[in-house]
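>>> Everything below, folded, please.
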Amino acid sequence: MHIIWILVTIPMIVGICLVEFLLLRINNKLGLLIPVFSVVSIIPLGIIGIILTVLTFLIYFIQSYVWDKKRRRQKEVEKTRINDL
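Residues are numbered from 1 along each chain as shown. Predicted coordinates:
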C-alpha cells in the first residue's frame with residue numbers, strides 16, 4: 001500500500017510542477033491570461049509534496065520495522081514451542 005503512495009506521490013508532484021512551468025511559459029510567450037498558479041504557489045505545492053513523500057517513507061519504514069519485530073517474535077514463539085515439545 002505504501003509503495004503505491006510512493007509511486008503515485010512523486011510523479012504527481014513532478015507532473016504538477018511541469019504543468020505549472022509549461023503554463024507559465026505559454027502565458028509569458030503568448031501574453032494570454034491563462035489562469036495558472038503563480039511561481040509563488042509552486043513553492044508551497046513542492047513543500048507539501050516533499051512533506052507527503054517524507055511522511056510516506058517514514059510510515060513505510062516504521063511499519064516494516066514493526067512487522068519485522070512481529071515476525072521475529074513469532075519465530076521465537078515457534079522455537080520455544082518446538083523446544084517445549
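>>> Mind naming the longest helix for this protein?
helix 39-84 (DSSP state H).
>>> packing partners for the helix or strand of the chain with the lowest mean pLDDT?
One helix or strand of the chain scores below all others by mean pLDDT, DSSP states H and E: helix 2-30, with a mean of 71. Under the contact definition 3 or more Cβ pairs under 8 Å, 6 or more residues apart in numbering; DSSP states H and E, helix 2-30 sits against helix 39-84. Where you see a C-beta, it was placed from the backbone N, CA and C, and this is true even at glycine.
>>> tell me the angle the helix it packs on makes with helix 2-30.
Helix 39-84 and helix 2-30 are oriented at 170 degrees to each other (axes from the mean of the first three to the mean of the last three Cα atoms, to 10 degrees).
>>> Next, the contact list for the residue nearest the centre of the chain, please.
The centroid of the chain falls nearest to residue 53 when counting by Cα atoms, centre = their mean (3.0 Å). Contacts for residue 53 (Cβ atoms under 8 Å, 6 or more residues apart in numbering) come out as 6, 9-10, 13.
>>> What is the nearest of those to residue 77?
residue 6 (32.3 Å; Cβ to Cβ).
>>> Hmm, that closest one is touching residue 55, no?
No: counting by Cβ atoms under 8 Å, residue 55 is not a contact partner of residue 6; they are 10.9 Å apart.
>>> got the contact list for residue 48?
With Cβ under 8 Å, 6+ apart, residue 48 has no contacts at all.
>>> Generate CSV for the contacts of residue 53, with neighbour count and distance to residue 24 as supplementary columns.
Formatted as CSV, the contacts of residue 53 follow (neighbours: other Cβ atoms under 10 Å; distance: Cβ to Cβ, whole Å):
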residue, neighbour count, distance to residue 24
6, 13, 28
9, 17, 23
10, 15, 22
13, 17, 17
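>>> Which of those sits closest to residue 70?
Out of the contacts of residue 53, the member with the shortest distance to residue 70 (by Cβ to Cβ) is residue 6, at 22.3 Å.
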